[in-house]
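J.: using only what follows, build the 3D model:
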Amino acid sequence: MKYAIGLDIGIESVGYAVLELDSHDQPFRIERLGSRVFDRAEHPKDGSSLAVPRREARGARRRLRRHRHRLERIRGLILSSGILSGAELDALYKGQLEDIYALRTKALDELVSREAFARILIHLAQRRGYRSNRKADAADKENGVLLAAVSENQKRCEEKGYRTVGEMFYRDEAFAIYKRNKQANYLNTVDRASVEAEARLIFAAQRERGAAYASEETEAAYLDILLSQRSFAEGPACGPYSGNQVERMRGKCTFEEGQLRAAKASYSFQLFNLCQHINHIRLSAKGVTRSLTDEERQQVYELAHEKAEVTFAQIRKLLHLAEDEDFVGIRYEAGARAKAEKNAKLKDLENYHKIRKCISAYSAEAFAELSYDQLDAIGEALSKNQSDADITGELTAAKLSPQVIEALLTLPNFAKFGHLSVMACRKILPFLQQGYTYDKACEAAGYDPKANNGKPELYLPSLPKNQSEITSPVVLRAVSQTIKVVNAIVREMQGSPVYLNIELARELAHDKKERDEIKKAQDKNAETNEQLMEQLREYTDGKIGGQDLIKMKLWQEQDGRCMYSGEAIEIERLTEPGYVDVDHIVPYSICFDDRMANKVLVLTAENRQKGNRLPLQYLQGKKRDDFIIRVEQSNLKYAKKSRLLKESISDEAEWKQRNLQDTQFMASYLHRYISEHLLFAPSDSGRKRRVTAVNGAITAYVRKRWGIRKIREDGDLHHAVDAVVIGCITQGMINRISRYSYYKETKDNGDYIVDEQTGELITRFPTPWAHFLDELSIRMTQNAKNMRKQLFDANYDSYAEIDLETVMPPFVSRMCNHKSTGSAHLETVRSGKLLDQGKVISKVALTALKLDATGEIANYYNPESDRLLYEALKERLQAHGGDGKRAFADGEFRKPKADGTPGPVVKKVKVIDTVSNVVQVQDQTGVANNETMLRCDVFRVEDDGYYFVPVYVADTVKPQLPSLAPIAGKDADGRKRWKQMREEDFLFTLYPNDLIRIYSKKPFSLNVVNKKSTLPEKMTVPGEEGVFLYYRGMNISTAVLNAITHDNTYSHDSIGKTMQRIEKYEVDVLGNIRRIGEEKRKDFSHKKK
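T.: Predicted coordinates for the structure are as follows:
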């Protein structure tokens, strides 16, 4: 079977459609369709990388490990130097201890005991101050705040005459309450040099007073330990995170085998980018476009070396451009031409100018003497190294002077690497400088830009691990899932497609913050639209549609006048047939541009006269002159003005291609990747273009004209419908739409168009085949029996030889999450003293306190330990109605002393919480809540029902799997109830997005997922028929599972023990399902080393 594929690719879904093709390679039947859904690879709240928690936890472990090792070495030194014996060191912190800061101050003026001296050495090693590996860290915002605190404390020491920072902490009122930093407050931060100076002073003071254990040898050994600091970027000494991680992840050059990719900050790569962007600059005047001349390119090239940012306004002035010449690609707004050109910039040499400015501040001559190789070396060193020592080493090898190196160390690190090596950039550059496009320059340099180091294969290969084009985890997952879908289709169809169409969602090009801003703008636009609709309803009793809304918007934009004639348009008649039209300024048949920038509201009579022409091609004489003045004096956006004043279109083919094809980076990348790696079947029609990145605007226009509604709130199957539409956007369909548009534009002039394939007069918007819309509607039917009956009754010729029993409704496939890693527990650790009673002790802010029904502070732990404090807290709460937020809003509550005077500030107190399932940590003395439930193990007890055992990350390192299943409710003591399970009653394991089918003795209801959905709020399911659901999670308190329908339209939140039957199924990428029998319960022994 000859077939084509349509793909609708988003940040958390891939809609797909397989279309059977006729002898002209045109689709004529839907073979199959569906949606593949997955979680976006980012934190849902803030869009941060999912790797951030793991990276931060790994960093914290590394810091703690190094801190612990440092203290071990200090303790070893204390023993080896004879300061204390082993027994004395073990007992060092027992009994009543003198304040350590008092000891640090006393040690400056008098002899301290050996125990006190040991405590001082350990404390200095614990609080050894801040030291950065980079001088440039001061430019970092957080480091800037930290360094400001360091500077402030240095100043305080000098002004108040403190000899050491220890003395400052002990005597200064600023540190009377807190000696350590709290949250993001760096008040108590000092630098490493100050701590070193204090250590030297204490050693010297003790030697002067006869302390043999404070010898110069011991001091040297101590300072060696105290000041040693491994660059954090180096990681551990060995293991997967050791060494230069940036260098390890750096890819190889696309063209030069064995060569590493160039740093984007290298001069060669910056020039490479600059020349490409200069060559891309195009100018347009009166419908004619041109590139820059050789002389103009050279002028811009030289200007870019003079300024870090070159605006297009500066380029206009430099090149003395005519008033009617505009830059192609700049979004001009009404009356803001200069602003638009100032905002558009060339910044390809930004890092070059940072280097120039930095070195020139030391010596302009020194920068002028730098060679091409040295500029590349600077960009390289500052991109891959994280410490001043490593940077200095590389720059010294590049023969830079110590003074220049010292200046460069103040620059922050550069980021990212390109796709080509320095060698390749230098070979291509001479041709780019001659004005060649990238592909031509590559060929001239002896490279093949289309080469992919292999022949196209039946299946798409996975993305190379060292690829650098895609840096966003969200996009990477979307592309990875797309590859899986394509390969699954090829495997199922047992052969290659003839062509493949893709459409990428606009949101793939944006991060979380940008997507949120777009969503906010869309919501605001929807609100504005609703207001306009309400305004329109005041003037008509009839039904108002989307086209009427566009008319209203244009009427307001044009101050209520016809754009072509200038006559007033009566708002009361906006919806009246035959009165006004929404016209495409540049005919749609020519440009395929359906955006608002190409639309105006005109009287129908004027539109008939214009026909298939530009406004200035049909307007004549005074009417034409008046029109030009009216447009130029209007407040219309620049893009619309430029279309209205076009006199001709010389680049019609290019304009049409621009609006039909998606040119954003990811679309181009995926287009290239599929074209180069996927094998395609022979084309009977001689089709050359096998992969097309369809512009979303044309898909939206066609879908609208076919009457296909897209309601995202109604589940995930709309992706499949979109994929069908995308797959049908062939060149043949484009030609038919163009002919139809021409017919609509010229029908009042007596012209007519005949369909070349059917010989019929074109009077209706074309569809891919005669019964396309009906077939699509039938194929979306979710009940397989009903769908097949409708296909049988329709008696389509295209299904005559198809076994209808093999035709299945679309079933959404969801990416399962079978991982067994993650955080073992939440970060907050609480006391486990009362764990045997099902309770834990934790500290809470005073604002969280409240009074219980008896008038006491709810869940307060051990009031008798400090009765004065308890009563004072209770009195404050009583005065504010038991509301802790109001009672302690000022954050300043002092603990009362026995004499009635105010004592220290109290921020938190201990309370008791009831817990049911926690993790014991810190040698069983502390407890923390479980973090992630990995899976749920399903058991069925004969004559009792189903039970569900939760399995957490913490359970993966235990010798045995958990076997307790929660039971709804609590016992008489208020503790959670659990039931012991037997291994012989185990059925199967459920991970998130595993498919189950549930049956019940009687009908049950499902609730709609999205409250904005147009679907009924509830769906009743016949219990004996069962329903397929994707497992989502488990509720421990109620002991039930929750799940959603395959298309995420309805949910079931109370799948409990009384279900008649629960079955588990396996779903492949294309939504084919297969039942899984009873499983053997798997432990995590495979994880253990």
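J.: what about the lengthiest strand in the chain, average pLDDT?
T.: Across the chain, the strand with the greatest residue count (assigned by DSSP state E) is strand 27-37. Strand 27-37 carries an average pLDDT of 97.
J.: show me what whichever helix or strand comes after it is packed against.
T.: With elements assigned by DSSP states H and E, the helix or strand that comes after strand 27-37 is helix 52-80. Counting contacts by 3 or more CB pairs under 8 Å, 6 or more residues apart in numbering; DSSP states H and E, helix 52-80 is packed against helix 86-90, helix 114-126, helix 216-227. C-beta here means a position set from N, CA and C on the backbone, and glycine is covered the same way.
J.: so what pLDDT did residue 83 get?
T.: 95.
J.: before we move on, the earlier item: CA atoms of the longest strand of the chain as PDB?
T.: Taking C-alpha atoms only, strand 27-37 is exported to PDB below (Å, rounded to 0.1, in the frame of the first residue of the first chain):
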ATOM      1  CA  PRO A  27      -4.600  10.800  -0.300                       C
ATOM      2  CA  PHE A  28      -8.000   9.200  -0.700                       C
ATOM      3  CA  ARG A  29      -8.500   7.200   2.500                       C
ATOM      4  CA  ILE A  30      -7.600   7.300   6.200                       C
ATOM      5  CA  GLU A  31      -5.700   4.200   7.000                       C
ATOM      6  CA  ARG A  32      -5.300   5.000  10.700                       C
ATOM      7  CA  LEU A  33      -4.900   8.000  13.000                       C
ATOM      8  CA  GLY A  34      -4.100   8.600  16.700                       C
ATOM      9  CA  SER A  35      -2.200  10.600  19.300                       C
ATOM     10  CA  ARG A  36       0.900   9.900  21.300                       C
ATOM     11  CA  VAL A  37       1.000  11.800  24.500                       C
END
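J.: same for that strand, what does it pack against?
T.: strand 13-21, helix 473-493, helix 718-727, helix 772-779, strand 813-814.
J.: redo the ones you listed as TSV? Include distance to residue 535.
T.: What follows is these, written out as TSV (distance: least, CB to CB, whole Å):
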stretch	distance to residue 535
strand 13-21	36
helix 473-493	39
helix 718-727	30
helix 772-779	33
strand 813-814	43
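J.: and the ones you listed as TSV, adding mean pLDDT, distance to residue 150 and mean neighbour count?
T.: Formatted as TSV, the helices and strands packed on strand 27-37 follow (pLDDT from 0 to 100; distance: least, CB to CB, whole Å; neighbours: other CB atoms under 10 Å):
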stretch	mean pLDDT	distance to residue 150	mean neighbour count
strand 13-21	97	50	26
helix 473-493	95	36	19
helix 718-727	96	54	27
helix 772-779	96	67	18
strand 813-814	96	51	26
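J.: so which of these is nearest residue 230?
T.: Of all the helices and strands packed on strand 27-37, it is helix 473-493 that lies closest to residue 230, at 28.9 Å by CB to CB.
J.: in JSON lines: the helices and strands packed on helix 52-80, plus mean neighbour count, distance to residue 1074 and mean pLDDT.
T.: Shown next, in JSON lines, are the helices and strands packed on helix 52-80 (neighbours: other CB atoms under 10 Å; distance: least, CB to CB, whole Å; pLDDT from 0 to 100):
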{"stretch": "helix 86-90", "mean neighbour count": "12", "distance to residue 1074": "63", "mean pLDDT": "94"}
{"stretch": "helix 114-126", "mean neighbour count": "20", "distance to residue 1074": "59", "mean pLDDT": "95"}
{"stretch": "helix 216-227", "mean neighbour count": "15", "distance to residue 1074": "62", "mean pLDDT": "95"}
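J.: re earlier: and the longest strand of the chain, which strands flank it?
T.: Strand pairing for strand 27-37, determined by DSSP bridges: strand 13-21 (antiparallel), strand 813-814 (parallel).
J.: for these, which one sits closest to residue 594?
T.: strand 13-21 (21.6 Å).
J.: how many degrees apart are the closest one and helix 718-727 in direction?
T.: Using axes from the mean of the first three to the mean of the last three CA atoms, to 10 degrees, one finds that strand 13-21 and helix 718-727 are set 40 degrees apart in direction.
J.: shift numbering so it begins at 18
T.: Understood, numbering begins at 18; the last thing we discussed is strand 30-38.
J.: run the chain-centre distance for strand 30-38.
T.: The chain centroid and the centroid of strand 30-38 are separated by 26 Å, computed with CA atoms, centre = their mean, to the nearest Å.
J.: next one: stretch 956-966
T.: Worked out by CA atoms, centre = their mean, stretch 956-966 lies 41 Å from the chain centre.
J.: list the neighbours of it that are in contact with it.
T.: Applying CB atoms under 8 Å, 6 or more residues apart in numbering, the external contacts of stretch 956-966 come out as 953-955, 978-983, 996, 998-999, 1002-1004, 1051, 1056-1058, 1073-1076, 1079.
J.: same deal with stretch 803-816?
T.: Outside stretch 803-816, the residues touching it (CB under 8 Å, 6+ apart) are 37, 45-46, 786, 788, 791-792, 795-796, 798, 821-822, 824, 826.
J.: next one: stretch 347-358
T.: Under CB under 8 Å, 6+ apart, the answer for stretch 347-358 is 328-330, 333, 343-344, 361, 651-656, 658-659.
J.: tell me which of these fall in helices.
T.: Judged by DSSP state H, the contacts of stretch 347-358 include 329, 330, 333, 655, 656, 658, 659 as members of helices.
J.: show the pLDDT at the residue lying closest to residue 523 once chain neighbours are set aside.
T.: In this structure, residue 523 finds its nearest non-sequential neighbour in residue 713, 6.5 Å apart by CB to CB, 6 or more residues apart in numbering. According to the prediction, residue 713 has pLDDT 87.
J.: just checking, residue 713 touches residue 524?
T.: No - the criterion here is CB atoms under 8 Å, and residue 713 misses it with residue 524 at 10.6 Å.
J.: can you map out the strands along the stretch 318-467 of the chain?
T.: In the stretch 318-467 of the chain, the segments counted as strands under DSSP state E, counting those that start in this stretch are 327-328, 343-344, 362-363.
J.: parallel or antiparallel, list what pairs with the last one.
T.: It stands for strand 362-363. With DSSP bridges as the test, strand 362-363 pairs up with strand 327-328 (antiparallel).
J.: please work out the average pLDDT along the partner strand.
T.: 95.
J.: rebuild the ones in helices among the contacts of stretch 347-358 as TSV, extending it with neighbour count and distance to residue 241.
T.: Shown next, in TSV, are the ones in helices among the contacts of stretch 347-358 (neighbours: other CB atoms under 10 Å; distance: CB to CB, whole Å):
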residue	neighbour count	distance to residue 241
329	21	58
330	18	59
333	19	63
655	18	68
656	17	68
658	21	73
659	17	71
